[in-house]
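In: Take a look and give me a structure for this.
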Amino acid sequence: MQFATVTNAEDAIDKLEALHSRAVKAERHALELFFSKGEEPSLEVRTLFRYPELRVSYEPKGVLPSSRRAFAKFSHAGVYSTSITHPGAFRNYLLEQLQPLISEFGATLEVGVSNIEIPYPYVFESGDELGGRGVSSAELARFFPMPLLSAVGDEIADGTWEQAVGGERPLGLFDAPRVDYSLKRIVHYTGSHWRHCQPWIMLTNYHRYVDQFIHWGVAQIRAHSRFKTVVLPGNAIITAQMSDAEVDHIIQSNLWHKFQMPAYHVTTSDGQGVTLVNIGVGPSNAKNMTDHLAVLRPHCWLMVGHCGGLRQSQQIGDYVLAHGYLRQDRILDNLVPTDMPIPALAEVQVALQEAAASVTGEQGEALKQRLRTGTVVTNDDRNWELRWTQERKRINLSRAIAVDMESGTIATQGFRLRVPYGTLLCVSDKPLHGEIKLPGAANAFYERSVAQHLEIGLTALELLRGRKDTLHSRKLRAFDEPPFR
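Out: Predicted structure coming up:
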């Protein structure tokens, strides 16, 4: 198929959507014929199973446009391209990227069919449609495109892609196979359909935050605010029209424990709601979840969890606003070496501090007593205390004020994958000063602190939503970036 020139972003997305829909329907139809009649798709039919492709051409004339915006801009003249999946679901994102490229830079758009086949598991919404057909995946692989790890990677995001002489440049960080791979992983790990995910994300390491988040979400939809539904793992949906008994039944019967990192969503009609993911404990989970959430191109993710306080002056229940990270998580060392600084993002830091002041009602010195800014140690060993003689020197040299197992990983992933990030932790124990986490003390702490801590995170996200135009920092962009954020 020849590529067709389109004159505006809306028409380009409409055409991408039509091509993607046609490819998915053709592959589903071929699968049904194979299941019901054993009919193998011909080579000609397989040419229909391909992702659409978007090409953007930029030929500068005169002085290059100047923009303080961090994205939707060109670093070089030439042709930029990427394969696209689910263009309808990503319409707002695509419009946000394409419209400035056309209006400010005079870019031209072309839409056509790529040479990349859609793996057959990605043409179904849930994946259950393939169950009970009596056909093995090995047999399907003989006649239908399979997911290939060799076709999925982060070379663009990690800056390891190689520009072929005279070749096209990448338009975005993730192509269609990489996006589809992660969309399925989101469903698998969180128990929620990826379409429920919202662009304002909180990540936590304790289930107690989930209880408060659900309570807050139900109160929001009951108050007829901008929030419309609460979605629980398994895609159980709570609406304002439901009775208290119905809501309680859905919450109490929810099988969240079936999923490794359950996600909860408080949605809005314009897709600007909040998602909370309980990633559990440890840097492996933190990297895993953010690897996949990144393809949704969220506006921000915040780590809101517990930490060990490292200073005598801290009290149980105090807050820690991370402005730096001593990275001992070790999971990202090859991708982002530890000598690479992970900068604090001023926009996020200011919002978290303003939110803390608003929610606690404290200002000035009183707020400083509760909210400490400093370095957080992120460790891959929960029992790091047993290596105290080794750890003592690094903690002293770094001037660290808190220790956890996820924050440094999440911030580094935000830096690596160009997602604005921040960390607000709550001191739940003081391991260096004899205040260790014991069941009784922990429970009392949880009852006092979790609701306020969560409210601070939610208030910060609301502040950032109103400042979205300044949120996507140029600190996250390299000198040779794809145009799309």
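
In: In which helix or strand does the residue nearest the centre of the chain reside?
Out: The residue lying closest to the centre of the chain (C-alpha atoms, centre = their mean) is residue 293, at 2.8 Å. Assigned by DSSP states H and E, residue 293 belongs to helix 283-293.

In: One more: residue 115?
Out: Going by DSSP H and E, residue 115 is in strand 108-117.

In: Can you name the next helix or strand after that strand?
Out: helix 137-140.

In: And the contacts of the very next helix or strand once past that next one?
Out: The helix or strand immediately downstream of helix 137-140 is strand 169-170, counting by DSSP H and E. Residues from elsewhere that reach strand 169-170 (C-beta atoms under 8 Å, 6 or more residues apart in numbering): 76, 78-82, 156, 161, 163, 482. From N, CA and C alone the C-beta is placed, and that goes for glycine too.

In: do that again at 7 Å, thanks
Out: By C-beta atoms under 7 Å, 6 or more residues apart in numbering, the residues outside strand 169-170 that reach it are 76, 78-80, 82, 156, 161, 163, 482.

In: likewise stretch 274-282?
Out: Contacting residues not belonging to stretch 274-282 are listed as 190, 197-198, 200-205, 207, 209-210, 213, 261-266, 285-286, 289, 382, 405-406, 458, 461 [C-beta under 7 Å, 6+ apart].

In: Which of those are buried, as a ChimeraX select command?
Out: To isolate the buried members of the contacts of stretch 274-282 in ChimeraX, using 16 or more other C-beta atoms under 10 Å:
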select :190,197,198,200,201,202,203,204,205,209,210,213,261,262,263,264,265,266,285,286,289,405,406,458,461
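
In: Just the terminal-to-terminal distance for stretch 136-148.
Out: Terminal residues of stretch 136-148 lie 17 Å apart, using C-alpha to C-alpha, to the nearest Å.

In: Not counting residues beside it along the chain, what's closest to the residue nearest to the centre of the chain?
Out: For residue 293, ignoring the flanking residues on the chain, the nearest one in space by C-beta to C-beta, 6 or more residues apart in numbering is residue 201 at 6.4 Å.

In: sec struct for that neighbour, please.
Out: strand (DSSP: H, G, I helix; E, B strand; the rest coil).

In: Show me the domain layout of the protein.
Out: For the chain, the structural domains run 4-176, 187-475, going by automatic domain parsing.

In: okay, those domains, which one's buried deepest?
Out: Among the domains of the chain, ranked by average contacts under mean count of other C-beta atoms under 10 Å, first place goes to domain 187-475 (a mean of 19).

In: From residue 72, how far out is the closest residue to residue 461 other than its chain neighbours?
Out: With C-beta to C-beta, 6+ apart as the measure, residue 200 is the residue that lies nearest to residue 461, at 4.5 Å, once sequence neighbours are left out. Counting by C-beta to C-beta, to the nearest Å, the gap from residue 200 to residue 72 is 20 Å.

In: Over to residue 254?
Out: Taken as C-beta to C-beta, the span from residue 254 to residue 72 is 40 Å.

In: Do you have the helices of this protein handy? List them.
Out: Under the criterion DSSP state H, the chain contains helices at 9-37, 43-46, 91-103, 137-140, 176-190, 208-222, 244-252, 283-293, 346-360, 364-370, 388-398, 407-417, 439-465, 468-471.

In: and of those helices, who's closest to residue 230?
Out: helix 208-222 (4.0 Å; C-beta to C-beta).

In: Low-confidence regions, this structure specifically.
Out: 1, 126-132, 433-447 (pLDDT under 70).

In: can we see that at 80?
Out: 1, 62-64, 125-134, 166, 431-448 (pLDDT under 80).

In: circling back: looking at the helices of the chain, which is closest to residue 339?
Out: helix 407-417 (12.5 Å).

In: which helices and strands does that closest one pack with?
Out: The helices and strands touching helix 407-417, judged by 3 or more C-beta pairs under 7 Å, 6 or more residues apart in numbering; DSSP states H and E, are helix 283-293, strand 300-309, strand 319-328, strand 371-379, strand 421-429.

In: Residue 155 against residue 161, yeah?
Out: Yes. Between residue 155 and residue 161 there is a contact under C-beta atoms under 7 Å: 4.2 Å.

In: what's the spacing between residue 163 and residue 118?
Out: 26 Å.

In: Ignore what I typed, I meant residue 482.
Out: Residue 482 is 22 Å from residue 118, by C-beta to C-beta.

In: swap in residue 60?
Out: Distance from residue 60 to residue 118, by C-beta to C-beta: 35 Å.

In: is it true that residue 328 touches residue 377?
Out: Yes. Judged on C-beta under 7 Å, residue 328 makes contact with residue 377 at a distance of 6.2 Å.

In: tell me the contacts of residue 178?
Out: With C-beta under 7 Å, 6+ apart, residue 178 has these contacts: 152-153, 295.

In: Among these, which one sits closest to residue 419?
Out: Comparing the contacts of residue 178 against residue 419 with C-beta to C-beta places residue 295 closest, at 10.3 Å.

In: circling back to that earlier point, from the contact counts, what lies against the helix holding residue 293?
Out: helix 176-190, helix 407-417.

In: Tell me which of those helices lies nearest to residue 338.
Out: That would be, of the helices and strands packed on helix 283-293 and by C-beta to C-beta, helix 407-417, which comes in at 9.3 Å.

In: Extract the C-alpha trace of the closest one and format it as CSV.
Out: The C-alpha trace of helix 407-417 is given here as CSV (Å, rounded to 0.1, in the frame of the first residue of the first chain):
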residue,chain,number,x,y,z
SER,A,407,11.9,5.1,45.3
GLY,A,408,15.3,5.3,43.5
THR,A,409,14.2,2.7,41.0
ILE,A,410,11.0,4.6,40.2
ALA,A,411,12.8,7.9,39.9
THR,A,412,15.5,6.4,37.6
GLN,A,413,12.8,4.8,35.5
GLY,A,414,11.1,8.1,35.2
PHE,A,415,14.4,9.7,34.1
ARG,A,416,15.1,6.9,31.7
LEU,A,417,11.7,6.7,30.1
